[in-house]
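A.B. asks: how does the following fold in three dimensions:
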Amino acid sequence: MPEVHSTSHPPTHRPWRVLAIMCTGFFMSLLDGSVINVAVPTLIHSLNASYDQVLWLIDGYLLVFSVLLISTGRLGDLFGYRRLYVLGVSTFTVASALCGLAGSPAQLLAARALQGLGGALLFPQVISAILTIFPPRLRGRAFGLFGVIAGLAPVVGPVAGGFLLAHLGWRWIFFLNVPVGILTAVLALTCAPPMRSGRTHRLDLAGVVLATAGLSGIVFGLIEGERYDWGTVAGPVTITSVLVAGVVLLAVFVLWQHRQRGEPLMPPALFRTRNFAVGNGVGFVFQLGMIGIMFVLVLYLQTARGYSALETGLVVLPNAVLTAVGSAYAGRLSDRFGGTYVLMSGMTLLAVGLLVLLSMAGPDGGVGSLLPGLLLIGIASGATFAPLQQATTDGVDPRLAGAASGVSGTTRQIGGVLGTAVLGALLSARLSSTLRDAAERQAGRLPEHLRARFIEDSAAAAQQYGPPTPPGGLTRAAAGLYERVAAETFAAGFTEALRTVLLACALVLVAAAALCLLFRPQRTAAAAPVRKERAETAPQG
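C.D. replies: Now for the predicted structure:
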């Protein structure tokens, strides 16, 4: 069956069904990424793995996924979006089966890296398909559905993970992907049209090597920096040298793209579209601030408040539901009024929600004190993803849809990785200070011979994100008192550190909202008759 070209074929029949099929694979990959976070203690015990080995099961997936998005997005332009999507789903499915069958940390890490490849192959094709099969007047709604998936998966993951770990075991976190992946691939082959944006067939291999190597250095350095204390990795190799090498290679990659006369991996023409250039800047800053919200909130609920993974998921579930609902409505509003104003409103409300949350969060009290902030954050989050995607892709040549989705996805991933590194370092530094202060206030409740050690142990607990354990040789009563005081001290110190991080996130989001002023006015359904819009770039079939 020949590939479909957007310039010569009629619109796709039932585009919403096609999008639903493609979003299924996207949801599967996102869900698996969040589910494994709650399985860390189980994997350490079941596979006799070290903490660092298990962390690499998360980081290894993120590394492979992040560095390949530019290449896999362009591959969709060259060889067809459905073809790359099915390849990605199939790769992810096989990798999931291998994860479930793994008998050692090394085997599981290799399978997780393969999952990262599958996720990188399928992710850009979903965005490219939206730009291809939907006319401009419907893209906001389509991105709204995409935003529903993006909002639900990270929160459903801990709930689903807690259930699977309690009743079926960790291997079923991966095994459940197998039937879903097979069904999704079959539906994509039978119900989705072959989609392709142009007739180009050559791949910029030098660009692939430069982009992959450069991004690998940056992402590795940001992910692993704190683990190596931002110092030596091995021999003469340091985190700083890895980051610098990554930046230099990316600079060479950009120069190479400008010298290319054929089919560059990242066509410079993309950035001649003002909204695409601005949208990538906004997306980077937005993800820099957004990524830290759930990161610190989950840590707060589990380490400071003592909630289980399942209870934590249930606490933030209303937030996810509102994000999903908000994404759907934000897409419709974006179609009508343009994504820029909806996006600015969403980011501003998100900052307000963070300020409410940090003012209400405390070392004790019920969940009800967190709900006002969480509800505002949920509504605001739903008003960000779809408008941002629509505003960024406004005016992009449909023939470059894959390259555009790969570049924008990579930009946001790097923003998220940088945000995690920066906010993690901020939280750790702030936590050391607040825990020492809280321990000095609480030490008087302990016998005098324990107070100095308690203060030092509490400050050191910032590295383990948990209260210190009682020293040996104490009576049961003394050990019990030490544990209670340590838990209360940690909760108080972590709450103060949490407020600092949430304030920093709010300030970053305000900056992202201000950057939205650089967008050019967008075409909207309200600004032009439907007939005129239908005469614009035809959707693919």
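A.B. asks: quick check: which ranges of the stretch 251-400 of the chain have low pLDDT?
C.D. replies: 262, 309-310, 338 (pLDDT under 70).
A.B. asks: and residue 208, helix, strand or coil?
C.D. replies: What DSSP: H, G, I helix; E, B strand; the rest coil gives for residue 208 is helix.
A.B. asks: once you drop chain neighbours, what's closest to it?
C.D. replies: residue 71 (4.9 Å; C-beta to C-beta, 6 or more residues apart in numbering). Just so you know, the C-beta spots here come from the backbone N, C-alpha and C atoms, and that holds for glycine as well.
A.B. asks: helix/strand/coil for that neighbour?
C.D. replies: Applying three-state DSSP: residue 71 is helix.
A.B. asks: in the stretch 51-200 of the chain, which spans are helices?
C.D. replies: Taking DSSP state H, counting those that start in this stretch, the helices of the stretch 51-200 of the chain run over residues 51-79, 81-101, 105-133, 139-167, 172-175, 177-191.
A.B. asks: for the second one, packing partners?
C.D. replies: Looking back up the chat, that one is helix 81-101. Counting contacts by 3 or more C-beta pairs under 8 Å, 6 or more residues apart in numbering; DSSP states H and E, helix 81-101 is packed against helix 15-35, helix 51-79, helix 105-133, helix 172-175, helix 177-191, strand 195-196.
A.B. asks: quick one, that helix and helix 51-79 angle?
C.D. replies: Going by axes from the mean of the first three to the mean of the last three C-alpha atoms, to 10 degrees, helix 81-101 is angled at 160 degrees with respect to helix 51-79.
A.B. asks: circling back to that earlier point, and the helices of the stretch 51-200 of the chain: which comes nearest residue 433?
C.D. replies: Minimum separation from residue 433 across the helices of the stretch 51-200 of the chain (C-beta to C-beta) falls at helix 51-79, 24.4 Å.
A.B. asks: point out where the stretch 101-250 of the chain drops to low pLDDT.
C.D. replies: Ranges of the stretch 101-250 of the chain meeting pLDDT under 70: 151, 154-155, 158, 196-201.
A.B. asks: near the residue nearest to residue 208, how many other residues are there?
C.D. replies: 25 (other C-beta atoms under 10 Å).
A.B. asks: for it, give me its contacts.
C.D. replies: 208, 211-212, 265, 406 (C-beta atoms under 8 Å, 6 or more residues apart in numbering).
A.B. asks: and what of residue 222?
C.D. replies: Residue 222 neighbours (C-beta under 8 Å, 6+ apart): 243, 414, 417-418, 420-421.
A.B. asks: okay, among those residues, which ones form the most distant pair?
C.D. replies: Longest span within these, C-beta to C-beta: 243 and 420, 14.9 Å.
A.B. asks: next SSE after the helix or strand where residue 418 lies?
C.D. replies: Element membership for residue 418, per DSSP states H and E: helix 401-442. Where DSSP H and E defines the elements, the next helix or strand beyond helix 401-442 is helix 448-460.
A.B. asks: in whichever helix or strand comes after that next one, which residues are buried?
C.D. replies: Going down the chain from helix 448-460, the next helix or strand is helix 476-515, by DSSP H and E. For helix 476-515, burial by neighbour count (16 or more other C-beta atoms under 10 Å) applies to 481-482, 485-502, 504-506, 508-513, 515.
A.B. asks: ok, the residue nearest to residue 172 when sequence neighbours are not counted - how many residues close by?
C.D. replies: Computed as C-beta to C-beta, 6+ apart, the closest residue to residue 172 that is not its neighbour in sequence is residue 164, at 5.0 Å. For residue 164, the count of nearby residues is 20 (other C-beta under 10 Å).
A.B. asks: distance check, residue 164 against residue 212.
C.D. replies: 33 Å (C-beta to C-beta, to the nearest Å).
A.B. asks: residue contacts, residue 102?
C.D. replies: 47, 108, 111.
A.B. asks: using JSON lines, lay out the helices of the stretch 51-200 of the chain together with distance to residue 234.
C.D. replies: Output for the helices of the stretch 51-200 of the chain, formatted as JSON lines (distance: least, C-beta to C-beta, whole Å):
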{"stretch": "helix 51-79", "distance to residue 234": "14"}
{"stretch": "helix 81-101", "distance to residue 234": "28"}
{"stretch": "helix 105-133", "distance to residue 234": "18"}
{"stretch": "helix 139-167", "distance to residue 234": "33"}
{"stretch": "helix 172-175", "distance to residue 234": "31"}
{"stretch": "helix 177-191", "distance to residue 234": "34"}
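A.B. asks: of all those, which one is nearest residue 319?
C.D. replies: helix 139-167 (6.7 Å).
A.B. asks: report the buried residues of that closest one.
C.D. replies: Applying 16+ other C-beta under 10 Å to helix 139-167 flags 139-162, 164-165 as buried.
A.B. asks: show me what that helix is packed against.
C.D. replies: Against helix 139-167 (3+ C-beta pairs under 8 Å, 6+ apart) you get helix 15-35, helix 105-133, helix 172-175, helix 309-315, helix 317-337, helix 371-382, helix 385-393.
A.B. asks: buried deepest among those, which one?
C.D. replies: Highest mean neighbour count of these: helix 385-393, a mean of 30 (counted as mean count of other C-beta atoms under 10 Å).
A.B. asks: need the contact partners of it.
C.D. replies: 127, 131, 139-140, 143-144, 146-147, 150-151, 275-276, 278-280, 282-283, 286, 327, 330-331, 333-334, 338-340, 342-343, 346, 401, 404, 408, 516, 519, 522.
A.B. asks: show me the contacts for residue 120.
C.D. replies: Residue 120 touches 64-66, 68-69, 72, 88, counting by C-beta under 8 Å, 6+ apart.
A.B. asks: picking up where we left off before, isn't the residue nearest to residue 172 right up against residue 174?
C.D. replies: No: checked against C-beta atoms under 8 Å, the pair residue 164 and residue 174 is beyond contact range at 9.8 Å.
A.B. asks: for the closest residue to residue 420 other than its chain neighbours, give its distance to residue 212.
C.D. replies: In this structure, residue 420 finds its nearest non-sequential neighbour in residue 291, 5.6 Å apart by C-beta to C-beta, 6+ apart. Applying C-beta to C-beta, the value for residue 291 to residue 212 is 22 Å.
A.B. asks: who has more neighbours out of the two?
C.D. replies: residue 291 (22 against 18).
A.B. asks: pretty sure that one sits in a helix.
C.D. replies: Yes: counting by three-state DSSP, residue 291 is located in a helix.
A.B. asks: okay but it is in contact with residue 423, surely?
C.D. replies: Yes: using C-beta under 8 Å as the test, residue 291 is close enough to residue 423 to be in contact (7.4 Å).
A.B. asks: next, give phi and psi for residue 474.
C.D. replies: Dihedral pair for residue 474: phi -90, psi 150, per degrees, to the nearest 10.
A.B. asks: now do it against residue 441, distance only.
C.D. replies: 22 Å.
A.B. asks: these two: which is more packed in?
C.D. replies: Per other C-beta under 10 Å, whichever of residue 474 and residue 441 has more neighbours is residue 474, with 15 against 12.
A.B. asks: I'd guessed the more buried one sits against residue 482; true?
C.D. replies: Yes: under the criterion of C-beta under 8 Å, residue 474 makes contact with residue 482 at 6.6 Å.
A.B. asks: state the distance from residue 352 to residue 333.
C.D. replies: Residue 352 is 19 Å from residue 333, by C-beta to C-beta.
A.B. asks: whoops, I mixed them up, residue 30
C.D. replies: 24 Å.
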